[in-house]
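S.K.: Give me a model of this one.
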Amino acid sequence: MAYNTIYGKLTADPNDLVGALAYIIYKQQKVEFCKTTSGGNPSREEIERFHAIASLDASIAAYRSQAEAMAQAFLNEGLDDLVQRTEAETRQDVLYTYIGTINASLQTQLTTVNGALAAKRTWVGWLRDVGGNLIVNVVTILVIGALVLGYKFIGELQQRTETKAGLGSASVPVSPATDAVKN
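M.R.: Numbers count the residues shown, from 1 in each chain. Below is the predicted model:
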């Protein structure tokens, strides 16, 4: 038997991917034919008939068509995988960038807070805090004292006005001890 020319018919050149896939499909069919014909032991005539049918232009076109569909499926699957990986990497890069930006902002704020706390940990910072608290307390005492003195002044003014107008009880003598209890 002369060598089989089917490879030459299926492939245009050594770099023909579709032709190589078509040849693989041809070989798969040949293996299946050999397994299923004559109990896995086909005769020489049966193999020659298989080669004759496989060498027909319609068979060659069918092998190439199946190979093109297979190559297209591989290409589509590869592109889908590439798109998914690229999207995942892009999302991850965006997320890392966002986290990096937030981290930088937090680091800046943390540095500012640490600087403020460090300034308060010195004697000057402690004295400044104590002095500020002391001033607040003194002002609070002065405001409360002013309110109490103002209330007392208004009460005495009201009592004098009532006495002059004759509304008050001027005939009842007030002892200094009783006056101190009222105020």
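
S.K.: buried stuff in stretch 27-45?
M.R.: Neighbour-count burial for stretch 27-45, counted by 16 or more other C-beta atoms under 10 Å, picks out 29-30, 33, 42. From N, CA and C alone the C-beta is placed, and that goes for glycine too.

S.K.: out of the residues you listed, which one sits closest to Thr111?
M.R.: Gln29 (72.3 Å; C-beta to C-beta).

S.K.: Return the residues in contact with the closest one.
M.R.: Gln29 sits next to Ala54 when contact means C-beta atoms under 8 Å, 6 or more residues apart in numbering.

S.K.: That one: what secondary structure?
M.R.: helix (DSSP: H, G, I helix; E, B strand; the rest coil).

S.K.: Once you drop chain neighbours, what's closest to Lys30?
M.R.: Sequence neighbours aside, Phe50 is the residue nearest to Lys30 in space, at 6.5 Å (criterion: C-beta to C-beta, 6 or more residues apart in numbering).

S.K.: Quick one: the helices in this structure, in order.
M.R.: 6-10, 17-36, 44-54, 57-120, 123-165, 176-182 (DSSP state H).

S.K.: Tabulate these (TSV), appending mean pLDDT.
M.R.: Shown next, in TSV, are these (pLDDT from 0 to 100):
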stretch	mean pLDDT
helix 6-10	88
helix 17-36	92
helix 44-54	91
helix 57-120	90
helix 123-165	91
helix 176-182	55
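
S.K.: And for Leu17, the neighbour number?
M.R.: Neighbourhood size, Leu17 [other C-beta atoms under 10 Å]: 14.

S.K.: Dihedrals phi and psi, Thr5?
M.R.: phi -100, psi 10 (degrees, to the nearest 10).

S.K.: so who does the nearest residue to it once chain neighbours are set aside touch?
M.R.: In this structure, Thr5 finds its nearest non-sequential neighbour in Ser55, 7.0 Å apart by C-beta to C-beta, 6+ apart. Listed by C-beta under 8 Å, 6+ apart, the contact partners of Ser55 are 5-6, 9.

S.K.: residue nearest the centroid of this protein?
M.R.: Leu95 (5.1 Å; C-alpha atoms, centre = their mean).

S.K.: any idea how far that residue lies from Thr101?
M.R.: 11 Å (C-beta to C-beta, to the nearest Å).

S.K.: With Glu77 instead?
M.R.: From Glu77 to Thr101 the distance is 36 Å (C-beta to C-beta).

S.K.: Could you find the closest non-adjacent residue to Ser59?
M.R.: Nearest non-adjacent residue to Ser59, counting by C-beta to C-beta, 6+ apart: Ile53, 6.0 Å away.

S.K.: count of residues packed around that neighbour?
M.R.: By other C-beta under 10 Å, the residues close to Ile53 number 12.
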